[in-house]
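In: What follows is a predicted structure for the sequence shown.
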Amino acid sequence: MAMNYNPVTPRIVAELRRIVGERYVIHGDPEKLTALSHDAIADPHYAHMPDVAVRPANAEEIAAIMKLANRERIPVTPRGAGSGLSGGAVPVLGGIVLLSDRMNRILEIDRENLMVVVEPGVITNEINERLKEFGLFYPGYPMSLEMCYIGGNVAENAGGGKAVKYGVTARYVMGIEMVTPKGEIVEFGGKRVKDVTGYNMLQLMVGSEGTLGIFTKITLKLLPLPKYAVSLLCLFPSAAEAISAVPRIMTGSGIIPTAIEFMDKQCVQISCDYLNESIPREGAGAMLLMTVDGASEDQVEREYDLVGEMALRGGAFQVYVADNATTAERIWRVRRNISEALTLITPNQSSEDIVVPMAQIPKLIDAFESLSARYGVRVPCFGHAGDGNMHSHVLSDPSWSAERWAEVCPRILTDLYKLTASLGGTLSGEHGIGHKRKKYMPLVMSAPALEMMRAVKRALDPNLILNPGRYSRTKLERQGGGNGAFGQRFTHN
Amino acid sequence: MRIIVPIKQVPETNAVRMDETTGTMVREGVEAIVNPLDLYAVETALRLKEAHGGEVIALTMGPAGATKALREAISMGCDGAVLVSHKAFAGSDTWATARVLAQAMRKIGAFDLILCGERATDGDTGQVGPELAAFLDLPVVSYVGAIDGLSNSTLRVRRLVEEGHELLECDLPALLTVVKEIANPRLPTLQGKRRARLASISAWGPEELGVAGEETGLKGSPTRVVKVFRPKIARQCEKLVAADEAGIEAAADRVVAFLKEKVLL
């Protein structure tokens, strides 16, 4: 079976302008469209130009766009802030990019039910800025929180730095309004804490990477804002010692920290150089960054002291304490800037998002080391040690050409993913599959399981209009308008 | 070496909001931290102690809650701390503050060096350090970017000026105000925090210091805030659009002419 898409003609552009208004269509402006051709992945190999971008104001306009796209057979790729790391917002087959930046209102702060209703284009951090005065917070904490949109967080089921204690985005998504791939407006869930009325469509949509629907309203559960938080930066002689201390810290203290972040020596070095930061760290082979939060200063003080003590007993040789905004920001920015600092080293790299059962992390780190040795690459490693989600960047040898990297990288990743699978792990914990990891899905998922996912996609989006080229086996091709070669890239029968 | 580091507790600047009508800072609910620029003075003092032995004493004037700032200094490695606190001191300007702090320094006793931050991030005057030196009749070097050496109670320092550094020598005891370049502040450790929690901090008021009421607070402050206003920032933007090579040339010429006009070239 082959799916043919049509090019975006001037007639279609005119129709889009009628739907959203003249000034909210971006067309024939290569500079603006180039910015929408990629997400936060540095490698240009994963980029693809859209033909046109639209900035709708509401669900009705999006519904009209989807109906038009179905009628004309044009792919539509929804996009949040573009901070993704899996190519999920890249219009791999061209067509229409649908932006949510105009739908950026916080619609309701419901203090009685501890919920907030937002539009998808609200910056995640803004939600908490607004909630602060009510003593409430939304626990999602992706590392890109100062730029990413809540819609993207829900589409990717974002995890982040606080998942060990608070869980990931899905736990807080109580309701959505969305536009279906065929252009209907539907609602799932609501402000009900319990709901088993029918299939759990809500949670099918969370993490569907913009392939099953476009969110237009999101209802999120809130928690009382912890008043106090203290972060600890623990220095360990080696990565193995740092990682093996993690379960000991939690069981020994009986406290689940809000965050347990791991950074190896390379990551700390690279990020500190990038930030011109000089935290004393001689002899540190790895660090754990932990945060403890709570309602009273005394309780948090007792808890961080105990967690710090357990870190020392677990092999840490130094524990720094950050209990105010100045010091906390100083140590957290080292962690938050690792990814960006790494991307500056070489364009030839692959940012990974592997997740394994927590106790398998030491074996995973051994695997990174053996891959480094076998292929002559660097694999600096950091991530969420408290939940087994490790971010490593596989960095090309700087002397390699882009072609050589393109040839070697898939071999490294195949080895890495096979090993991950053997440890009970999988490809992605929070970044998503996008089009970056698509071809590796069979390494971690059986053929019948994959077929079930494709059946869901076909049932909801028979014309494969919404963000196509992700899990599909269908041969996807564009008619005319260039880019024909990409049809090949999205076939793997 | 005995070093005293006067520090100030300030509102965390990223969290500060301004009251639109009064033009003053809204301090309620804002976290109080050690003035970030004072941390460079603390770090410099601790390094001198590590190199030459001695002790470092942190000193602050403020409400009772300012002990938190002193405990942070102890957790970084300071050996002792003194809080100067009394309602009679409230509202002191830089001059009255320096006068009270000078008295506290005398009471602390013999010292070799006073290290101050460049200025506090809330008041932004940078006056208290040099005023202290005046009250105590000490040599003062401001904007110190590096300490090059110490021999026979003479300190060699590099003072940051517009076009480079001045190399200066000064006899101890002396007062220095330091800038960011001097040293990156260390982070408090778990052991340091424990020590700080247990440390006893003396609190001195007008009686302990022997200063009269009319010398402090609003009464003792010659500075009067006449008016507080928000400066208007007017940006005058000129947009140059170049479509071809000649246009780019013309635009570049315009930029050069503009910079010359403003005496920037």
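Out: Happy to help now that I have it.

In: Chain neighbours aside, what residue packs nearest to residue A:192?
Out: Spatial nearest neighbour of residue A:192, chain neighbours left out: residue A:174 (7.2 Å); criterion: CB to CB, 6 or more residues apart in numbering or on different chains. Every residue, glycine included, has its C-beta placed from N, CA and C.

In: Next, give phi and psi for the one you found.
Out: The phi/psi pair for residue A:174 (degrees, to the nearest 10) reads phi -100, psi -30.

In: repeat for residue B:156
Out: phi -100, psi 120.

In: show me what contacts it?
Out: With contact taken as CB atoms under 8 Å, 6 or more residues apart in numbering or on different chains, residue B:156 is in contact with B:147, B:148, B:149, B:150, B:167, B:168, B:169.

In: Okay, and the beta partners of it?
Out: residue B:149, residue B:169 (DSSP bridges).

In: The closest residue to chain B within the stretch 151-300 of chain A: how many residues sit nearby?
Out: Across the stretch 151-300 of chain A, the shortest distance to chain B (CB to the nearest CB) belongs to residue A:278, at 4.3 Å. By the criterion of other CB atoms under 10 Å in any protein chain shown, residue A:278 has 12 neighbours.

In: Could you pull up the residues touching the residue lying closest to it once chain neighbours are set aside?
Out: Ranked by CB to CB, 6+ apart and with sequence neighbours excluded, the top spatial neighbour of residue A:278 is residue B:184, at 4.3 Å. Shown in contact with residue B:184 (CB under 8 Å, 6+ apart): A:277, A:278, B:43.

In: wait, the second one sits on residue A:272?
Out: Which is residue A:278. Yes - here residue A:278 reaches residue A:272: they are 6.8 Å apart, a contact under CB atoms under 8 Å.

In: how about the top helix by length along chain B: buried residues?
Out: Identified as the longest helix of chain B according to DSSP state H is helix B:245-261. By neighbour count on 16 or more other CB atoms under 10 Å in any protein chain shown, the buried set for helix B:245-261 is empty.

In: Please apply the same query to stretch A:158-175.
Out: Here stretch A:158-175 shows A:158-166, A:168-169, A:171-175 as buried, counting by 16+ other CB under 10 Å.

In: dump the residue contacts of residue B:46.
Out: Counting by CB under 8 Å, 6+ apart, residue B:46 makes contact with B:56, B:76, B:77, B:78, B:186.

In: filter those residues down to the ones close to chain A.
Out: Restricting the contacts of residue B:46 to those touching chain A (CB under 8 Å from any CB of the partner chain) yields residue B:186.

In: Same list (the contacts of residue B:46) but as CSV, adding distance to residue B:133.
Out: Shown next, in CSV, are the contacts of residue B:46 (distance: CB to CB, whole Å):
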residue, distance to residue B:133
B:56, 18
B:76, 24
B:77, 25
B:78, 21
B:186, 26
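
In: among the contacts of residue B:46, which are in strands?
Out: residue B:56 (DSSP state E).

In: which one of the contacts of residue B:46 sits closest to chain A?
Out: Nearest to chain A among those: residue B:186, at 6.1 Å, using CB to the nearest CB.
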